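Participant: Need a 3D model of the following:
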Amino acid sequence: MTSLKILFLTTFTLASFIAIPVDHNSSVSDPNDPENTFYVLVTFEKKVHQPGSIDLTGMKNTIDSYNAAQYGDQKLMSSTIYLESTEFSWQPIVIIRRFSDEAKARSYSGKLNVHLSSRPDHPKSMYLTQQQYRSVIKANNFDLLGK
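Facilitator: Next comes the predicted model:
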């Protein structure tokens, strides 16, 4: 049995932990519902042999700058993780969250891919539901997505 090791490198603000009440009679969907929440993941063509051997913080900063310029009103949050892929390799990932529907996540992912296309480290973004994201993290396997 393979153990799952996840190294989280992220910064949270106090606002990340404040619960916001939801009016269930409203026509607006609950943003915390896994069926209505989408994430975008940015992965790299190559896995690394140790965390830190790729400038993941630099990539996150590039994405944060892009988000501030293009999507400032959406208050997107990003974080970084390394998933242990095998005993000797890691998959660096930047996570961008949250999107309230699939169309917004798909559009953002496509535009981000265009924005990052000239980078030499060949990052690619994909969008997925919160439930898919949890499955990927739990199984430590992006092949589950079939993307």
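
Participant: C-alpha from now on. contacts and neighbour counts both.
Facilitator: Noted.

Participant: what stretches of this structure score poorly on pLDDT?
Facilitator: Confidence mapping of the chain against pLDDT under 70 gives the ranges 1-35, 49-52, 85-88, 141-147.

Participant: rerun at 50
Facilitator: 1-29, 147 (pLDDT under 50).

Participant: where along this protein do the strands fall?
Facilitator: For the chain, the strands defined by DSSP state E cover 6-9, 38-44, 77-86, 89-99, 123-129.

Participant: Tell me which residues of the third one come out buried.
Facilitator: When you say that, I think you mean strand 77-86. Residues of strand 77-86 classed as buried: 78, 79, 80, 81, 82, 83, 84, 85 (neighbour count, 16 or more other Cα atoms under 10 Å).

Participant: Pretty sure the fifth one sits against residue 95.
Facilitator: Same thing as residue 82. No. Look at residue 82 against residue 95 with Cα atoms under 8 Å: they stay out of range, at 10.7 Å.

Participant: Need the strands of the chain in TSV (columns: distance to residue 68).
Facilitator: Formatted as TSV, those follow (distance: least, Cα to Cα, whole Å):
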stretch	distance to residue 68
strand 6-9	20
strand 38-44	16
strand 77-86	10
strand 89-99	13
strand 123-129	18
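
Participant: And these: which comes nearest residue 54?
Facilitator: For the strands of the chain, the distance to residue 54 is smallest for strand 89-99, at 7.9 Å, taking Cα to Cα.

Participant: which residues are in contact with that closest one?
Facilitator: For strand 89-99, the external contacting residues (Cα atoms under 8 Å, 6 or more residues apart in numbering) are 37-44, 46-51, 54, 56, 59-60, 76-85, 105.
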